[in-house]
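Asker: kindly generate the corresponding structure for this input.
(4 chains)
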There are 2 protein chains.
Amino acid sequence: MGVTGHMPPQDASRGRSASIWDVARVAGVSQQTVSRVINGKARVSEATRAKVLQVIAELGYRPNRLAQTLAGGPVRSVTVLTSDTALYGAAATLRGMEEAARTAGFSVGISVLQPDSQQTDIALRLNRPGEPVMVIAYDDAGVRALRALPPDVPVAAAVERRADEGDAADGGPWQVWLDDRAAAAHATRYLLGLGHRTVHYVAIPSSTSPSPQRTQGWRDALRAADRPVPEPSHGGWTPRSGYLAVRSLLADRSVTAILCGNDDLALGVMRAAREAGRDIPGDLSVVGFDDAPPSAYLNPSLTTVRLDFEGLGRACFGLLHRRLEPQTAPPVPAWSEPELIVRESSGPAPA
Amino acid sequence: MGVTGHMPPQDASRGRSASIWDVARVAGVSQQTVSRVINGKARVSEATRAKVLQVIAELGYRPNRLAQTLAGGPVRSVTVLTSDTALYGAAATLRGMEEAARTAGFSVGISVLQPDSQQTDIALRLNRPGEPVMVIAYDDAGVRALRALPPDVPVAAAVERRADEGDAADGGPWQVWLDDRAAAAHATRYLLGLGHRTVHYVAIPSSTSPSPQRTQGWRDALRAADRPVPEPSHGGWTPRSGYLAVRSLLADRSVTAILCGNDDLALGVMRAAREAGRDIPGDLSVVGFDDAPPSAYLNPSLTTVRLDFEGLGRACFGLLHRRLEPQTAPPVPAWSEPELIVRESSGPAPA
DNA sequence: GAGAGGCATGTTATCGGTAACTCTTCTCTC
DNA sequence: GAGAGAAGAGTTACCGATAACATGCCTCTC
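Answerer: Below you'll find the model as predicted:
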């Protein structure tokens, strides 16, 4: 009972792994029928389907995703563009994206942006023109990459701040973000409520200069309470940069509360405070941002704003999924609002 | 001056992005000639090459990597299998791999293993049968994934411990690792040299039970110095697990030195010590493993063993590259040996 | 001056699939 | 009993590239 139709071009049974043709030959059906079974399409008799599935199992056949995609099958891959995976926020967002994507059956590629990367090489990172992309755009490199993407690629992004309405170049509505501004304002109000005359701020580098969200929220709260607004210190992303940014500031004993752009900066600030002989929280309150895993165990443990980066990552993929398959994709999952976690590093202003 | 040969099957100039056929038509050459130019092959006149390159630039043409790979072009992608990207060691290794791979022109996919993932689904994560893979196998999930890989996939792995010679199932010689055992022994000797009677150990979960490398090194050093070997405490990967693992242990004042399987555990241990009223390093010396970025800024800053995970990741890719392209791949880059970084958390044994 | 050999290109086959169209059978309806 | 429809499966075209082989034209050698 041989197959009489079109035969596979290839000799078969050579070294390479089983293809759809091998399955078809062994099962005694056409290659197209195997394709139907793989994709769960209708119009295949139960008996044939069972036979094909059995042969697939016997041969250990796995469809070649590259070929599937090339041939116009449903899009099943996505590339994530991110800058520095050493940062907690970016790493946690990436985890959320990867998990959501894998759960939905997407394979995920990752490409790390260099701070100085030119926009022209972005398209080269994609496996094919039009491959869907997610961008983690918390910093300048990410934002530039987002802008540099060719218009034909479907993209969703996790951003610091929503793009201005109508600014389609930034991805339009396909963005998710956390309300950093409100969170920073909340943390600032919390410190003022403890009796601090004002709150100093050590800023992370921003993707949206000159008005980063966290800085704005901090300033909002100070102004609303009619307090003096000190010049923000400019840190980087690391403990070291926080340490350097506040060393001179700490000589001034009137500085009693410092809000930091992230937990790493807070770590450096606390070290600088220790070296300056300041007691935390007796002399000085320090509040971070992100709630990175170590923060609860620091000495003193760090009061910080918890941000749901993983949830944001999952939502970002959810958004992309709906963009790609509006009919079938599940609703975009919700993510948590920022939340102030009060620990040991903050307390009442010194008398 | 039209092309007379084989015409592209497609109508062209439709929505989709430019293909090699479009370039060929506009440049007035065959599609194969364009392919030659793209791949920098010989036998193309300078004039033709220039013309083709110009058209490529005009059309914004980018080769489709999927199609290139399918058609048997050089392998230019690799998938990384890792378990938990929240862990510093895994994340840093991944960074090194990604950087090296991208530099060599490979696109990298990432797939995160779940602790309970069955081996059967591993092959499904690959984009195609035979796609090269790197595995970060510091824990059990990673090691299982490594074992579960079909024999035909080219793999290189970063492991805790070299597979036994001859155990081809573990990837044979295509592995890189750090000498954790010697490093743990070194750290232990350092503590003994400070006058501590013995050293306690809080272990990370191991991929190679019952004899994890770090535990062995610690035990080696104690035995060589003829000291008592306490039962190691079993922690997880997180600060919390370190905290829980040593709470009871700390009631015993004769415990004056604790070596931890990683820096996160050390963080939890230091917190537990603080709550138990133990002074670090006065009453108790704590030494970590990994030298994660925050460790230098902790209070007290952490004495730890610096491990070159990024270098290891780069080397792992280098190894894979040589496996794939023995003729042309550059030599595998060297990575740094573990190094003890002495900071504030360790000191002389109490009198 | 003619065959040999190289160079620059064009043609055809193939990679491993999917989509659209076609071809048989049956079953159902009037 | 015949035509319509639908189910089940086969054929052919195509996705976007690379590899192997074929072809035309020139230059070189004897």
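Asker: pLDDT-wise, which helix or strand of chain A ranks last?
Answerer: For chain A, using mean pLDDT, DSSP states H and E, the weakest element among its helices and strands is helix A:140-148, scoring a mean of 88.
Asker: buried ones in it, by neighbour count?
Answerer: A:140, A:141, A:142, A:143, A:144, A:145, A:146, A:147, A:148 (16 or more other C-beta atoms under 10 Å in any protein chain shown). Glycine gets a C-beta too; all of them are placed from N, C-alpha and C.
Asker: biggest separation within those, which pair?
Answerer: Within these, two members stand farthest from each other by C-beta to C-beta: A:140 and A:148, at 12.2 Å.
Asker: what about the closest residue to residue A:111 other than its chain neighbours, how many residues nearby?
Answerer: Leaving aside its chain neighbours, residue A:111 sits nearest to residue A:125 (4.3 Å; criterion: C-beta to C-beta, 6 or more residues apart in numbering or on different chains). Counted by other C-beta atoms under 10 Å in any protein chain shown, the residues lying close to residue A:125 total 21.
Asker: relative to residue A:214, how far out is residue A:227?
Answerer: Remark: distance between residue A:227 and residue A:214 (C-beta to C-beta, to the nearest Å) = 17 Å.
Asker: between the two, who's got more neighbours?
Answerer: Set side by side, residue A:227 and residue A:214 show more neighbours around residue A:214, with 27 against 15, by other C-beta under 10 Å.
Asker: pretty sure the more buried one sits against residue A:182.
Answerer: No - with contacts counted by C-beta atoms under 8 Å, residue A:214 stays clear of residue A:182, the gap being 10.2 Å.
Asker: what's around the closest residue in space to residue A:263 that isn't next to it in sequence, how many residues?
Answerer: Closest residue to residue A:263 in three dimensions, ignoring its sequence neighbours and counting by C-beta to C-beta, 6+ apart: residue A:288, at 4.0 Å. When neighbours are counted by other C-beta under 10 Å, residue A:288 registers 31.
Asker: mind checking how far residue A:189 is from residue A:180?
Answerer: Computed as C-beta to C-beta, the residue A:189 to residue A:180 distance reads 15 Å.
Asker: more neighbours: which of these two?
Answerer: When residue A:189 and residue A:180 are compared for neighbours, residue A:180 comes out ahead with 22 against 19, by other C-beta under 10 Å.
Asker: my guess is that one meets residue A:211, correct?
Answerer: No - proximity of residue A:180 to residue A:211 does not meet the contact threshold set by C-beta under 8 Å, at 11.7 Å.
Asker: now whichever helix or strand the residue nearest to residue A:263 is part of, how far from the centre of its chain.
Answerer: Secondary-structure assignment from DSSP states H and E places residue A:288 in strand A:285-290. Once both centres are worked out by C-alpha atoms, centre = their mean, to the nearest Å, strand A:285-290 turns out to sit 21 Å from its chain's centre.
Asker: packing partners for whichever helix or strand comes after it?
Answerer: On the C-terminal side of strand A:285-290, the nearest following helix or strand under DSSP H and E is strand A:303-306. Other elements packing on strand A:303-306 under the criterion 3 or more C-beta pairs under 8 Å, 6 or more residues apart in numbering or on different chains; DSSP states H and E are helix A:180-193, strand A:285-290, strand A:339-341.
Asker: okay, strand A:303-306 in PDB with CA atoms only?
Answerer: In PDB, the C-alpha atoms belonging to strand A:303-306 read as follows (Å, rounded to 0.1, in the frame of the first residue of the first chain):
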ATOM      1  CA  THR A 303      11.800  51.200  53.100                       C
ATOM      2  CA  THR A 304      11.000  51.200  49.400                       C
ATOM      3  CA  VAL A 305       8.400  51.400  46.700                       C
ATOM      4  CA  ARG A 306       7.500  47.900  45.400                       C
END
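Asker: show the average pLDDT along the helix or strand just after it.
Answerer: Sequence-wise, the next helix or strand downstream of strand A:303-306 (DSSP H and E) is helix A:309-324. Per-residue pLDDT over helix A:309-324 has a mean of 96.
Asker: and helix A:309-324 with strand A:285-290, angle?
Answerer: Relative orientation of helix A:309-324 and strand A:285-290, computed by axes from the mean of the first three to the mean of the last three C-alpha atoms, to 10 degrees: 30 degrees.
Asker: say whether chain B is contacted by helix A:309-324.
Answerer: No - for helix A:309-324, no contact with chain B is found by C-beta under 8 Å from any C-beta of the partner chain; the gap never falls below 9.6 Å.
Asker: and stretch A:49-63, by the same measure?
Answerer: Yes - judged by C-beta under 8 Å from any C-beta, stretch A:49-63 comes into contact with chain B through A:60, A:62.
Asker: contact partners of that stretch?
Answerer: Residues lying outside stretch A:49-63 but in contact with it, judged by C-beta atoms under 8 Å, 6 or more residues apart in numbering or on different chains, are A:17-20, A:22-23, A:26-29, A:33-34, A:37-38, A:44, B:123-124, B:126, B:129, B:150.
Asker: out of these, which touch DNA strand D?
Answerer: Among the contacts of stretch A:49-63, the residues lying close to DNA strand D (C-beta under 7 Å from any atom of the strand) are A:28, A:29, A:33, A:44.
Asker: mind listing what the most centrally placed residue in chain A touches?
Answerer: By C-alpha atoms, centre = their mean, the mean C-alpha position of chain A lies nearest to residue A:93, the distance being 2.9 Å. Contacts of residue A:93 were listed using C-beta under 8 Å, 6+ apart, and they are A:82, A:136, A:138, A:158, A:309, A:310, A:312, A:313, A:316.
Asker: distance check, the closest residue to DNA strand D within the stretch 201-350 of chain A against residue A:260.
Answerer: For the stretch 201-350 of chain A and DNA strand D, the shortest gap (C-beta to the nearest atom of the strand) falls at residue A:324, measuring 17.2 Å. Residue A:324 sits 38 Å away from residue A:260 when distances are taken as C-beta to C-beta.
Asker: those two - which one has more neighbours?
Answerer: Neighbours around residue A:324 and residue A:260, counted as other C-beta under 10 Å, are more numerous at residue A:260. The numbers are 32 against 18.
Asker: from what I see, that one and residue A:287 are in contact.
Answerer: Yes - A contact is recorded between residue A:260 and residue A:287 when judged using C-beta under 8 Å, the distance being 6.7 Å.
Asker: overlap in contacts of these two?
Answerer: With contacts taken as C-beta under 8 Å, 6+ apart, residue A:260 and residue A:287 have residue A:266 as neighbours in common.
Asker: which parts of chain A are strands?
Answerer: Per DSSP state E, chain A carries strands over the ranges A:77-82, A:107-112, A:133-137, A:155-159, A:175-177, A:200-203, A:233-234, A:257-260, A:285-290, A:303-306, A:339-341.
Asker: looking at those, which is nearest to residue A:248?
Answerer: Taking these one by one with C-beta to C-beta, strand A:233-234 is closest: 9.1 Å.
Asker: return the residues in contact with residue A:219.
Answerer: residue A:229.
Asker: ok, it to chain B distance?
Answerer: Using C-beta to the nearest C-beta, to the nearest Å, one gets 27 Å for the distance from residue A:219 to chain B.
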